[in-house]
Every structure is written in structure tokens, then in C-alpha cells.
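Enquirer: Predicted model follows, preceded by the sequence.
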Amino acid sequence: MNTSQQLPMKPPELYASVREHCAWSYGRLAMSHAAVDQGKTRYEAVHFMIRARFRNGYLAGDVKMRSLLYDEKTKIVHGTTCCYCGCEGRLSLDHMIPRLKGGPDAADNIVYACRSCNSSKGSKDMVMWLASKGEFPALLVFRRYLKLGAQWCEKDDLMDPAWANLPDAAIPFDKRSLRVRWPSLSELRLWPDSAARGVGQKLG
């Protein structure tokens, strides 16, 4: 078996660093993004190679998460749909990382959400809110969330502490989101509307 395929699908150990958790999530995101974008029904060797390249590259500092500018472009492209459920019409603005938890009042942290999702999510963590309903965010939505979380940890020098020792009060997102169970490939999509499958968007 290719060594890239031997990297575990499960998250790092509890006492692995926050950086390792971000790297694992980024690698898993890259792997899933590529497979969904190609319309695959199962992961292939190339997808495990992509996961290893992004994970290992991020840990080594050779691979960076791209600017949130790419996520802003995605927001414009899908500006008529809720980023959580994909419904159209009567959209409102939502702080992806809640302001009540310390999320910034900036464009990078603001997304379009239907009134129902916005009200249900409230000040909850986006990933854990969806997980409580048995759902997982669309990949391009999770990408923005992961970038925001990683930027916060970099800014506050919180990348190197062990995940288990990271105080909840130190970050505006729920650290459990970096260890949440990922659904099967067939359940993943790039965006909550059907038109987003296979649109050829780069990971970013």
C-alpha cells in the first residue's frame, strides 16, 4: 500500500498539537474536495496522496491555507442561497463564528443564511450545531470555517499547545470541530445547492 494511504482517517491523538489537528482537517478537506469535485463515489489512491501532501505540507510550513479572498468569491457566486441548507430567498447575514463568542465583525466572518438557519444556529458553533442535527457543513463552507479558526490560533500563538489542553475560553470556535466525525464521501458536497457539485472550484 502507498504510504500516503496509511495515514489514519481518524483525528490525531488528544494530546497532539492544535497545529496537527488543523493539518489533519486541512488534508481531509483537500482529499474530500478533490473527490467530490471529480464526481467520485469512492476515494482513490490519488486522493490519499492529496491528503498527505496538504497535511504534511501544512505541518512543514510548505503549504499555506489560501487567502479568504477565494471564499469571498465563493460567497458571491452562491449569494442567493443559504450556506447551511441551500434554500433560496429571504436571506440574512450571519457571523459564521458568533460575535458573542469573540468572532470578528468582518466580511470574512459574514455569510448568507436563511432566517431559519440563522435563528437555529444563533450563537452556537457552526460545525457542532450541524453535527447536533446529524449533518456536516458543505466543504466550501467548512473551508472558510477552518481558515478562520486557524487564523485565530496563529494570531494568538495557540497552534503548538496540545488540543486537549487548549482552554475553551481561549478560542471563539468549538475545538471539538477539529475532531468531528466526517461523513462518507457520498454524503459530502461542495455547496448545499445541487449546482455546486463538480463546479471545478479550487480548494483554496
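Expert: Received the coordinates, thanks.

Enquirer: so how far is the longest helix along the chain from its chain's centroid?
Expert: In the chain, assigned by DSSP state H, the helix with the most residues is helix 18-37. Distance, stretch centre to chain centre, for helix 18-37: 8 Å (CA atoms, centre = their mean, to the nearest Å).

Enquirer: In contact with the residue most central in space within the chain, which residues?
Expert: For the chain, residue 142 is the residue whose C-alpha lies nearest the centre (CA atoms, centre = their mean; 2.4 Å). Counting by CB atoms under 8 Å, 6 or more residues apart in numbering, residue 142 touches 29, 127, 136. From N, CA and C alone the C-beta is placed, and that goes for glycine too.

Enquirer: measure it to residue 61 for me?
Expert: Here residue 142 is placed at a distance of 22 Å from residue 61 (CB to CB, to the nearest Å).

Enquirer: Then residue 148?
Expert: Residue 148 is 20 Å from residue 61, by CB to CB.

Enquirer: Of those two, which one has the most company?
Expert: Remark: of residue 148 and residue 61, residue 148 carries more neighbours, 22 against 8, as counted by other CB atoms under 10 Å.

Enquirer: check contacts around residue 111.
Expert: 75, 83, 93, 94, 96, 141, 144 are the contacts of residue 111 under CB under 8 Å, 6+ apart.

Enquirer: Check for me that it belongs to a helix.
Expert: No. Using DSSP: H, G, I helix; E, B strand; the rest coil, the secondary structure at residue 111 is strand, not a helix.

Enquirer: Check the secondary structure at the residue nearest to it when sequence neighbours are not counted for me.
Expert: Spatial nearest neighbour of residue 111, excluding adjacent residues (CB to CB, 6 or more residues apart in numbering): residue 83 at 4.7 Å. Under three-state DSSP, residue 83 falls in the coil class.

Enquirer: Surely residue 83 is in contact with residue 192?
Expert: Yes. Residue 83 lies in contact with residue 192 (CB atoms under 8 Å); the separation is 6.7 Å.

Enquirer: quick one: which of the two has more around it?
Expert: residue 83 (26 against 20).

Enquirer: Can you pull the phi/psi pair for the more buried one?
Expert: phi -80, psi -10 (degrees, to the nearest 10).

Enquirer: residues touching it, list them.
Expert: Contacts of residue 83 (CB under 8 Å, 6+ apart): 75, 111, 112, 113, 138, 141, 191, 192.

Enquirer: how about the nearest residue to the fourth one, chain neighbours excluded?
Expert: Spelled out, that is residue 113. Residue 113 sits nearest to residue 94 (CB to CB, 6+ apart), 4.0 Å away.
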